[in-house]
Structure formats: structure tokens, C-alpha cells
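In: Model the structure of this input:
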Amino acid sequence: MMSQTKTIDARGLSCPQPAMLARRAINELGKGTIEVLVDSVTARENISRLAQNCGWSVTVDYQPEGDCRIILVK
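Out: Residues are numbered from 1 along each chain as shown. Below you'll find the model as predicted:
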């Protein structure tokens, strides 16, 4: 079975929306890969902390235009 990747574009959303979207994806998937696009430091920190607390590994990929791609894997 191929692992599924879910992408969430949370750019332009204010907190706590990006973290709520990430939490929903974490709960729905249970495991796999989730990619979250954000454009604020607060969203990046909140999602990273949330995912780590749920046992997911977090990789942050900084984009040239200032956005971040947060890759959550479990």
C-alpha cells in the first residue's frame, strides 16, 4: 500500500486555523505524510509543536518567497 500524502495550504490563514487544519489531518490520517504550507512563524511553531506532541516527525523546508513547507511524517 502506498503511503498517502495530504497537502494543506494554510497560507494567509490566521492562527489558530493552520494548527486546527493540521490537527484534523493528523487525526484523519493516523500515519503517512502531511505537507502544510504556511506563511507565518507562529503557524510554523504551533504546527511543529502539535505534530511532535502527537508523535510525528517534523521537517521544515524554507521556501525562497518566505513561506514554509512543514512536512509531517509518521
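In: switch to C-alpha atoms for all contacts and neighbour counts from now on
Out: Will do.
In: Report all helices and strands that the host helix or strand of Val58 contacts.
Out: Take DSSP states H and E as the rule and Val58 turns out to sit in strand 57-62. Contacts defined by 3 or more C-alpha pairs under 8 Å, 6 or more residues apart in numbering; DSSP states H and E place strand 57-62 against helix 41-53, strand 68-73.
In: Can I get the ones you listed in JSON lines including distance to Thr33, mean neighbour count and mean pLDDT?
Out: Shown next, in JSON lines, are those (distance: least, C-alpha to C-alpha, whole Å; neighbours: other C-alpha atoms under 10 Å; pLDDT from 0 to 100):
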{"stretch": "helix 41-53", "distance to Thr33": "11", "mean neighbour count": "17", "mean pLDDT": "97"}
{"stretch": "strand 68-73", "distance to Thr33": "5", "mean neighbour count": "21", "mean pLDDT": "97"}
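In: The strand holding Val58: partners in the sheet, and parallel or antiparallel?
Out: Strand pairing for strand 57-62, determined by DSSP bridges: strand 68-73 (antiparallel).
In: ok, residues contacting the partner strand?
Out: Here strand 68-73 makes contact (C-alpha atoms under 8 Å, 6 or more residues apart in numbering) with 31-39, 44, 48, 51, 56-63.
In: change it to 10 Å
Out: With contact meaning C-alpha atoms under 10 Å, 6 or more residues apart in numbering, strand 68-73 is reached by 5-9, 11, 22, 26, 31-41, 43-45, 47-48, 51-52, 55-63.
In: Using CSV, list the CA coordinates for it.
Out: Extracted as CSV, the C-alpha positions of strand 68-73 are listed here (Å, rounded to 0.1, in the frame of the first residue of the first chain):
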residue,chain,number,x,y,z
CYS,A,68,7.5,27.4,4.8
ARG,A,69,6.6,23.9,3.9
ILE,A,70,6.2,21.7,7.0
ILE,A,71,6.5,18.0,6.3
LEU,A,72,5.0,15.8,9.0
VAL,A,73,5.7,12.1,8.8
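In: That one versus helix 41-53: what angle between them?
Out: Using axes from the mean of the first three to the mean of the last three C-alpha atoms, to 10 degrees, the direction of strand 68-73 lies 10 degrees away from that of helix 41-53.
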